[in-house]
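Enquirer: Predicted model and sequence follow; I will ask about them next.
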Amino acid sequence: MAKKIYIDAGHGGNSIGASYKGRKEQDDCLRLSLAIKSILETQENVEVKLSRESDINPDLEDRARDANVWGADYFISVHRNAFSPNKAKGAEVWCYSKVAVGGTTYNMSKEILNSLCAVTGFVNRGVKLGAPSYTDYAVNRVTKMSSCLLEVGFIDSDTDNAIFDTYFAEMALSISKSLLKNVGL
């Protein structure tokens with residue numbers, strides 16, 4: 001039986017996400033998500049579904065519900081972080097607030113982040129647990145399978161953008177390998 005991986009390309013349509021010097025989060029998220037999908041589809045026993053494959057903006061909870069109905073084994077939401085131009089850098093991953101530190105979902109998220117940082121040189125900002133007041137993102141709160149929201153560097157960091165562009169292929173491969181590992185392949 002094939003394992004199902006759902007990739008949510010963050011933002012889209014009228015939700016561009018963060019932007020910096022003409023660069024839009026929604027574009028980087030879609031480009032990376034499509035690259036990951038392309039790699040995963042070369043593997044046996046894997047089905048891949050994206051929340052979007054063009055410049056549209058599906059409702060956040062609908063993205064999670066779609067993965068639930070489809071029966072995904074793992075859900076990842078791909079994003080770029082932002083703070084203040086060149087004041088922060090690095091990658092981090094967010095999990096649902098009720099996830100146990102050291103538990104399966106937490107460790108799966110940590111695997112993705114550690115692997116990503118190892119091949120790219122992104123500063124590893126760690127695994128973060130959401131909080132009901134703000135960071136319990138719908139994509140983690142509504143999904144019924146293990147899930148994470150991955151922040152792939154800061155879009156308002158020249159250093160992180162250089163890493164994103166220079167190590168794009170390695171980044172996509174690293175995330176793909178971690179996703180396969182997380183579903184037991």
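Expert: Cool, the structure landed.

Enquirer: What is the least confident helix or strand in the protein?
Expert: Taking all helices and strands of the chain together, the one with the lowest average confidence (mean pLDDT, DSSP states H and E) is helix 138-141, at a mean of 89.

Enquirer: show me where the protein has helices.
Expert: Under the criterion DSSP state H, helices of the chain are mapped to 25-40, 60-70, 104-120, 138-141, 158-166, 168-182.

Enquirer: Quickly, which of those bottoms out on average pLDDT?
Expert: The stretch with the lowest mean pLDDT among those is helix 138-141, at a mean of 89.

Enquirer: I'd like to check what contacts that helix. Which residues are they?
Expert: Contact with helix 138-141 is made by 8, 60-61, 63-64, 75, 77, 94-96, 130, 147-149, as judged by C-beta atoms under 8 Å, 6 or more residues apart in numbering. (Glycine included, C-beta is placed from N, CA and C.)

Enquirer: for stretch 41-61, same thing?
Expert: By C-beta under 8 Å, 6+ apart, the residues outside stretch 41-61 that reach it are 1-9, 11-15, 26, 30, 33-34, 37, 40, 63, 66-67, 70, 72, 77, 137-139, 142, 180, 183, 185.

Enquirer: mind putting the helices of the chain in TSV, distance to Asn86 and mean neighbour count included?
Expert: Converted to TSV, the helices of the chain look like this (distance: least, C-beta to C-beta, whole Å; neighbours: other C-beta atoms under 10 Å):
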stretch	distance to Asn86	mean neighbour count
helix 25-40	17	21
helix 60-70	29	18
helix 104-120	18	19
helix 138-141	28	20
helix 158-166	6	17
helix 168-182	21	19
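
Enquirer: measure the closest residue to Arg63 other than its chain neighbours to Trp70 for me?
Expert: The shortest distance from Arg63 to any non-neighbouring residue, by C-beta to C-beta, 6 or more residues apart in numbering, is to Ser51 (4.3 Å). Noted for Ser51: a distance of 11 Å to Trp70, by C-beta to C-beta, to the nearest Å.
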